[in-house]
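Visitor: pasting the structure only:
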Ligand code: 5GP
């Protein structure tokens with residue numbers, strides 16, 4: 001991608017419970033770069049407080065698959081194997097890049113691999129806990145999930161962590177401010193050396 005005001009793609013993944021949403025929220029607040037979150041489409045239902053078009057485009061399975069067959073997605077996958085589909089719309093990425101934005105995709109590892117295949121220049125960041133034991137502790141402290149759900153998330157986390165070496169950067173989130181500083185530094189560095 002050429003210099004100047006060219007947009008960039010930033011791909012962020014990490015196991016659920018690694019704190020990636022909190023870290024990225026703070027990065028958005030702190031960074032002086034023109035970051036723009038890509039809004040994904042999903043077939044899952046909105047959680048309390050989530051808004052259509054802001055948190056996700058909440059689509060019916062019929063609509064999602066119609067758009068999938070129409071070729072509207074840069075990538076889309078059934079995440080967690082739980083029957084819910086998630087996908088990045090070409091339109092989200094293209095509009096952002098055309099405006100010179102740094103389009104941030106917070107997506108799962110399968111989606112990230114696909115995006116990196118098509119955009120080898122994407123800045124890929126994997127946010128991880130130092131160990132799976134730390135992640136397990138965090139999931140338990142949340143106290144929102146059953147034992148069975150925790151086990152499933154941990155198995156999934158182990159699978160996702162195996163993809164970490166394929167990302168350009170790995171950031172350990174043991175300390176929120178340190179993780180945020182590190183990501184802001186990575187983005188600044190990439191800005192200087194596109
Ligand atoms: P949640 O349902 O908790 O919002 O997200 C569940 C998982 O779906 C997270 O790991 C998140 O990164 C992933 N995800 C969200 N949007 C997309 C997307 O557009 N594509 C893919 N492949 N995964 C996504």
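Guide: In hand now; what should we look at? It should be emphasised that the depicted structure is a prediction, and the values quoted were computed from it without experimental measurement.

Visitor: What sits closest to the residue in the chain positioned nearest to the ligand if chain neighbours are left out?
Guide: When scored by Cβ to the nearest ligand atom, the chain has residue 111 as its residue closest to the ligand, at 2.4 Å. Every C-beta, even on glycine, is put in place using the N, C-alpha and C of the backbone. Using Cβ to Cβ, 6 or more residues apart in numbering and skipping residues adjacent in sequence, the residue nearest residue 111 is residue 75, 4.4 Å away.

Visitor: thought the one you found was touching residue 87?
Guide: Yes. The pair residue 75 and residue 87 qualifies as a contact (Cβ atoms under 8 Å) at a distance of 6.3 Å.

Visitor: so what sits against both of the two?
Guide: Residues touching both residue 75 and residue 87 (Cβ atoms under 8 Å, 6 or more residues apart in numbering): residue 111.

Visitor: Those residues of the protein touching the ligand, which are they?
Guide: Within the chain, the residues that sit near the ligand (Cβ under 6 Å from any ligand atom) are 16, 40, 44, 75, 77, 79, 86-88, 106-108, 110-111.

Visitor: Switch the residues you listed over to CSV; also include secondary structure.
Guide: Formatted as CSV, those follow (DSSP: H, G, I helix; E, B strand; the rest coil):
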residue, secondary structure
16, coil
40, coil
44, coil
75, strand
77, strand
79, strand
86, strand
87, strand
88, strand
106, strand
107, coil
108, coil
110, helix
111, helix
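
Visitor: min pLDDT across those, which one?
Guide: Note: of the residues of the chain next to the ligand, the lowest pLDDT belongs to residue 16, at 81.

Visitor: For residue 94, give its distance to residue 106.
Guide: 18 Å (Cβ to Cβ, to the nearest Å).

Visitor: neighbour count winner among these two?
Guide: residue 106 (20 against 13; other Cβ atoms under 10 Å).

Visitor: which residues touch that one?
Guide: Counting by Cβ under 8 Å, 6+ apart, residue 106 makes contact with 12, 13, 20, 21, 24, 37, 38, 40.
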